[in-house]
Structures are given as structure tokens and as C-alpha cells.
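Visitor: here is my input; please provide its structure:
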Amino acid sequence: MGWRYSRGRRSGLLAEEEVLLVRSAQRGEPEAFDRLVDWYAPGIYNFALRMLQSAEEAEDAAQEAFVRAYTSLRQFRGRSSFATWLHRVAMNVCLDQIKRRRRQPFSLAREDPPTEPRLPASEGDPASAAERRERQAIIRSAIDSLPEAQRAIVVLYDLEGLSYQECAQALNTSVGTVKSRLNRARLALKTKLAPQLELLRSG
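Guide: Next up, the predicted model:
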């Protein structure tokens, strides 16, 4: 493989160009896959970061996702979009990683992921910045405590912005199951976040 993974900002890519790149990559043209990696790497990394809550593990998972995608690219038949298929690959990598670490509990002492914007010390109200980080940590902790299937659908639908159909394709399940899991996940989050409601509303 001649491509190099990067978390940098993606460059412009049209849907028609994506189809051509996928076909070229399937014919064994490494430059085409390089272009797909450039386009999707930031989103796949952020997806893995939300699933794993660890920048180091997210980077490893994103790299593994692209390796798996490259080696199984000929199996992609276009029944879903390439983005949805790639999310499915990344999802499987993340679930494998979660199983390996046996779901270590989230700690509020864990450092915020480095991709989240931080308020410079010389700007704004330090107290407000601290409250914002605390709210983010509370929400991340609640999401991280969900069962794997529910956490996956929250990340895909609410955070990644995939449609019900795309979520169903990424998780290899039905739209009805996606909606059911999402409803259960939201109810669970509402219960978990209820004791912190005053702090969350203050933002």
C-alpha cells in the first residue's frame, strides 16, 4: 500500500468523483485509494474517538479501519454509499477494540480528547470554560456507559448525522431496530443525565 493515513482536513470531493475513485481503487490503483483516505480520514477518526473516548485508540482504530477497507475493497458492491460501508468497517474495528479492553469504565479524570477546542487562558472566563469542559465530560461519560449497540446508534445518528437508513446499513440491521435502539438510548441518557440537569442547562 502506498497511502499514508492523515487526520488532516479533507479536500473537496464530489459524489461522482467518489464513484470513479472507488472503481479505480478496486482496479488496484493506489492513488485512488490515497484520495479516498484523504477525504474520509478526519471523519473516521472523529467517529472512532467518539466510540472509544481515547485519542490514541481512535488513531489506531482509524488506521485499522482503512487497512481492512483496503484489503476488502473488492467486496464493496455499491449497495450502500462508500461512506456508509466505511463506517460499518470502522464500527467493527471499534467494537473489537472495546471487547479487547473489556470496556474499561470512563473516568472523569481522563484528559479531554485533544481534538476538542480549548479556550486559551488569556481569553474568556476561566470559570465558564471549566464548566463547559465539565458538561462535555458528563455527556461523554453518559454516552460511554451505554450498551455497545445503543452507544453505536447515538454516535452514528446524533453525532455523525447519518440517516436511519444509513445507520441501518452501517450496523447491518433494520431501520425499525435503529429507531428502537435510539429511543432506548435517549431514554437511558435522560435518566443518567437527570441528576446533572441544572449544570447542563446552565450552558
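Visitor: in space, what's closest to Tyr45 - neighbours in sequence excluded?
Guide: Nearest residue to Tyr45, sequence neighbours excluded (Cβ to Cβ, 6 or more residues apart in numbering): Ala62, at 4.4 Å. C-beta coordinates here come from the backbone N, C-alpha and C atoms, glycine included.
Visitor: what about the one you found, which SS state?
Guide: Using DSSP: H, G, I helix; E, B strand; the rest coil, the secondary structure recorded for Ala62 is helix.
Visitor: residues in contact with the residue positioned nearest the centre of the chain?
Guide: With distances taken as Cα atoms, centre = their mean, Phe47 lies nearest the centre of the chain, 1.2 Å away. Residues near Phe47 by Cβ atoms under 8 Å, 6 or more residues apart in numbering: His87, Ala90, Cys94, Val155, Leu156, Glu160.
Visitor: what is the burial count for the first one?
Guide: Using other Cβ atoms under 10 Å, the number of residues around His87 comes to 27.
Visitor: excluding its backbone neighbours, what's nearest it?
Guide: Nearest to His87 is Ala170, by Cβ to Cβ, 6+ apart, at 4.4 Å.
Visitor: residues touching that neighbour, list them.
Guide: The contact partners of Ala170, taken as Cβ under 8 Å, 6+ apart, are Ser80, Thr84, Trp85, His87, Arg88, Met91, Leu156, Leu162.
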